[in-house]
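Asks: For reference, the sequence and a predicted model appear below.
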Number of protein chains: 2
Amino acid sequence: MTQVFVATSAVEPVQKNIKLGLAQYGGNLLRRLLDQAGLDAPDALYVSNMLADELQGQKHLGALIASGAGLRGIEAYQVRAAMASGAMALRNAYLAVKSGEVRTAVALGLEIMQPGDATAAMAKALDATSEIPEGLTMIGINARLFAAYLDKYKIKHSSFANFARNAHHNGIAAPHALFKQEFSREQIINSRVIEAPIRLMDCAPICDGAAAMIFTSDVSLCTGTPVELLASEIATDILTVSKRSNPLSLDASRLSAQKAFKRSGLRPVDIDFFELHDAFSIMACLSLEACGFAEPGKGWQMAEDGVIFREGDLPIATFGGLKSRGHPIGATALYQAHEIVCQLRGEAGDCQIRQDIRTGMMQSIGGAGTTLATNIFKKV
Amino acid sequence: MTQVFVATSAVEPVQKNIKLGLAQYGGNLLRRLLDQAGLDAPDALYVSNMLADELQGQKHLGALIASGAGLRGIEAYQVRAAMASGAMALRNAYLAVKSGEVRTAVALGLEIMQPGDATAAMAKALDATSEIPEGLTMIGINARLFAAYLDKYKIKHSSFANFARNAHHNGIAAPHALFKQEFSREQIINSRVIEAPIRLMDCAPICDGAAAMIFTSDVSLCTGTPVELLASEIATDILTVSKRSNPLSLDASRLSAQKAFKRSGLRPVDIDFFELHDAFSIMACLSLEACGFAEPGKGWQMAEDGVIFREGDLPIATFGGLKSRGHPIGATALYQAHEIVCQLRGEAGDCQIRQDIRTGMMQSIGGAGTTLATNIFKKV
């Protein structure tokens, strides 16, 4: 049975308004990643990106990034599922290595969220025949879910404050995080309303980033403590949110997590930390519930009680999460994966959680709970 | 060693200006495909499409098509490499089945090339920082290659006429082909100049289509004579055509074919027919040369001599090819794969070439020779 190991990974600092083109930005990172691994070229390159069609006018990203790194001839193509695109690159690299036909596969995510209207392009993750004509955006649909949650469980918005507080606290120590600033509970609760009940501090920022990881069946290629990708599982839900019987149950999240638990032979209690998809604080809460870490209606309690803090029982957003490290869409899952591997190798610096950890889980969400990916990594 | 078999396949007739949305168009086809196979749901769905971002305002095609077919929870995402996108879906399904983790994988390609400017969206297959600002389109870049070829080898445009003649002749008998019309050599040679030296009859049409195939490791799921996907190989070239040392050598075509020959243990002489990517007649010619079926500068001779005809030694475009069956971008490779399987199963009707065939090869081209995929199928 072929095992899938992480050879090495690399990230660019998340920034606003970088001035590089896609080929140079992704190509430089890929070159650096290959140098780290001591490889001339990978067998395959799977690129994740969501917005280049509109924002950079570019639809051929596999060959573009390979060319940018000066590579000739390799297998290269693009994979995607809206905001979960980066996790599709992980899945693809996992399948390729697992197949036995690819010895080294790079998953590389990148997103330059300017110039142009990133919000309008991101809305195309929704149903173009019903939701978009209604004027819905990603913020709008998350606002509806958030309002429904607060109403159903009679919770106050302030009960979610620790999601942002924890993320920003952790981000300060993360070398590649966009924001390096502590926020008080009061600042978070009183931040500007974006679309009620969502406030500014409930949302991940628009930013640019690139991150990449090499997967291999050859454990001798690992540049540090070997880490295995034990499970990489994807599930989808009905695209149109209003057609789901219970949008708050995040069925695809539960399903992809269940498949990943089954594949890895682990249970929720075996997971040492969880890099979840906190693009909106409501999504962080719903993921915790769907994955079995909290009862329905109780995800926020894990934030209130500090369970999610660096020193808690289930740390999340250990490098700042989408909220503070940043959410450069197609690259985000690769940042999550990189951070998990840093933690498992004990190379997380001031972001390091306790040293006796063995397993890290991550989840990526495309659309409003539409495409869900769960990946579980384990120290070998 | 896991083998990858074709369970079954299905196609929509290629048309102009269909009135369905993506979800219904792809969903209906997927439903029909699953019914054919006697399956409730596949384990995974890989969707290929190039233009929905711009033309339908939709960026979440995996979940969209799964939803359209009434499926809940399955793995689904989009893969692509410009005009070769359909072959990325084949590759993905192949890797997934080969990995041992996916028992049934659907590769589904669809493209609705209206409303809006399909030509401008397709140009994004080129380099957005150099080629597109120059005003280059896919036709423009192929015109440059065609002119360079005619000049280098001192060949007349009329020597290419049999590519279109053969395609249209074969398309007449293909139930799903867009065009059902014979064209004489004179009509082809004298057709309207689009961008010199390219004439109308050198170009595949803009049209709508959807095609899909189920791959499986379980040979008992095959609905007819079992056919194996022996090799699925991808290679890329420098994105910017002017930076290649010899753009006419189509290096990625040669490389992906060499990898596929090596993987399958076959040589060019073992291939019974070849569904190539005749989006432009120059590309048909260059592919024949790059794959080793003709010497450099001699690909057109295979058309002139009738080697490519249905009764020739290496039939191409046996259901009309991109030229006559049509080239609905993201779906095209799935049509090619369907046609190969029909031939190998002896189910090609009036398009059937000789009955003793055992192997069919296909090639898909993204951009101007940038991303190349070679797939080889064999009757078991």
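Replies: Noted; the coordinates are in hand. Residues are numbered from 1 along each chain as shown, chains lettered A, B, ... in the order given.

Asks: so who does the residue sitting nearest the centre point of chain A touch?
Replies: Centroid-nearest residue in chain A, with Cα atoms, centre = their mean: A:Ala333, separated by 3.2 Å. Residues near A:Ala333 by Cβ atoms under 8 Å, 6 or more residues apart in numbering or on different chains: A:Ser48, A:Ala84, A:Ser85, A:Gly86, A:Ala87, A:Ala89, A:Leu90, A:Gly109, A:Met362, A:Ser364, A:Ala373, A:Asn375. The C-beta positions use only the backbone N, C-alpha and C, and glycine is treated the same way.

Asks: Equivalent analysis for A:Ile365, please.
Replies: A:Met83, A:Ala84, A:Ser253, A:His277, A:Ala279, A:Met283, A:Ser287, A:Thr371, A:Leu372.

Asks: In strands only, show me those.
Replies: If you go by DSSP state E, the contacts of A:Ile365 have A:Thr371, A:Leu372 in strands.

Asks: got the contacts of A:Ile365 as TSV, with pLDDT columns?
Replies: As requested, the contacts of A:Ile365 are exported to TSV (pLDDT from 0 to 100):
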residue	pLDDT
A:Met83	98
A:Ala84	98
A:Ser253	98
A:His277	98
A:Ala279	98
A:Met283	98
A:Ser287	98
A:Thr371	98
A:Leu372	98
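
Asks: Show me how to select, in PyMOL, the buried members of the contacts of A:Ile365.
Replies: Under the burial definition 16 or more other Cβ atoms under 10 Å in any protein chain shown, those of the contacts of A:Ile365 that qualify are selected in PyMOL by:
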select buried, chain A and resi 83+84+253+277+279+283+287+371+372
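
Asks: how about the contacts of A:Ile365 in CSV, adding distance to B:Gly68?
Replies: Output for the contacts of A:Ile365, formatted as CSV (distance: Cβ to Cβ, whole Å):
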residue, distance to B:Gly68
A:Met83, 21
A:Ala84, 19
A:Ser253, 22
A:His277, 25
A:Ala279, 25
A:Met283, 25
A:Ser287, 26
A:Thr371, 15
A:Leu372, 19
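
Asks: Just give me the closest of the contacts of A:Ile365 to chain B.
Replies: A:Thr371 (5.3 Å; Cβ to the nearest Cβ).

Asks: beta partners for the closest one?
Replies: Beta-bridge pairing of A:Thr371 under DSSP bridges involves A:Thr236, A:Gly366.

Asks: rewinding a little: filter the contacts of A:Ile365 down to the ones in helices?
Replies: A:Ser253, A:Met283, A:Ser287 (DSSP state H).

Asks: Quick one: end-to-end length of stretch A:15-27, please.
Replies: Its start and end residues considered, stretch A:15-27 measures 17 Å (Cα to Cα, to the nearest Å).

Asks: Also stretch A:58-72?
Replies: End to end - Cα to Cα - stretch A:58-72 spans 19 Å.

Asks: mean confidence for it?
Replies: Across stretch A:58-72, pLDDT averages out at 98.

Asks: Can it be said to contact chain B?
Replies: Yes. Judged by Cβ under 8 Å from any Cβ of the partner chain, stretch A:58-72 comes into contact with chain B through A:Gln58, A:Lys59, A:His60, A:Gly62, A:Ala63, A:Leu64, A:Ala66, A:Ser67, A:Leu71, A:Arg72.

Asks: Can you name the residues that contact the fourth one?
Replies: Contacts for A:Gly62 were tallied using Cβ under 8 Å, 6+ apart; they are A:Leu45, A:Tyr46, A:Val47, A:Ala76, A:Tyr77, A:Gln78, B:Ala81, B:Thr236, B:Thr371.

Asks: List the neighbouring strands of the helix or strand where the third one lies plus their orientation.
Replies: It refers to A:Val47. Secondary-structure assignment from DSSP states H and E places A:Val47 in strand A:44-48. Strand pairing for strand A:44-48, using DSSP bridges, gives strand A:75-80 (parallel), strand A:104-111 (parallel).

Asks: Out of these, which gets nearest to A:Leu29?
Replies: strand A:104-111 (7.0 Å; Cβ to Cβ).

Asks: Endpoints of stretch A:353-365, how far apart?
Replies: Note: stretch A:353-365 ends 24 Å apart using Cα to Cα.

Asks: roughly how far out does it sit from the chain middle?
Replies: Stretch A:353-365 sits 13 Å away from the centroid of its parent chain (Cα atoms, centre = their mean, to the nearest Å).

Asks: I am finished for the moment; much appreciated.
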